[in-house]
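Q: Sequence below, structure please.
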Amino acid sequence: MELMEQTAVDSIYLTDAAADMVKTLLMQKNVPDHGLRVFVAGGGCSGMQYGMALEAEPRPYDHLIEYHGVKVFIDPTSMMYLSSATIDYEDSIMGGGFKIENPNAVSSCGCGSSFKTKDSAGAAYDSGGCGCG
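A: Residues are numbered from 1 along each chain as shown. Predicted structure coming up:
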């Protein structure tokens, strides 16, 4: 299996809070050796949406990044949209969740799970224009 080497340009970052929450989820699911897959898929009200899943191992050509003992897997296409992004976990009285700060996004949906980049074509709504959140 060939894995892509991480460079400063092709990287994402996890905050301590995000890494701690991933570790907690891995322990709760009884899969401590798994990692976090982060990906971008078409859809959402801004054209693209973020996704995350727990997976046992990276796929061929994945970028493998490790922060605070947490393995993060990102396919090459998703990395084009996520390069230099930061994943955080915020816990609030209204509930917690992962949040992605993406410098490549020029606008995002009101709930923050959907976005568009300057190169993405024809997104229907700008920030806050969707029915989510």
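Q: any idea where the strands of this protein begin and end?
A: 13-14, 35-42, 48-55, 63-67, 70-74, 86-90, 97-101, 105-108, 114-117 (DSSP state E).
Q: for those strands, which one sits closest to residue 24?
A: Proximity to residue 24 (Cβ to Cβ) singles out strand 86-90 among those, at 9.5 Å. C-betas here are computed from N, CA, C, even on glycine.
Q: Just the mean pLDDT for the closest one, thanks.
A: Averaged across strand 86-90, pLDDT comes to 93.
Q: ok so, going back, with mean neighbour count and distance to residue 26 as added columns, please give the strands of the chain in CSV.
A: Listed next are the strands of the chain as CSV, based on neighbours: other Cβ atoms under 10 Å; distance: least, Cβ to Cβ, whole Å:
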stretch, mean neighbour count, distance to residue 26
strand 13-14, 18, 13
strand 35-42, 19, 8
strand 48-55, 16, 7
strand 63-67, 18, 13
strand 70-74, 23, 8
strand 86-90, 18, 14
strand 97-101, 17, 14
strand 105-108, 20, 27
strand 114-117, 22, 26
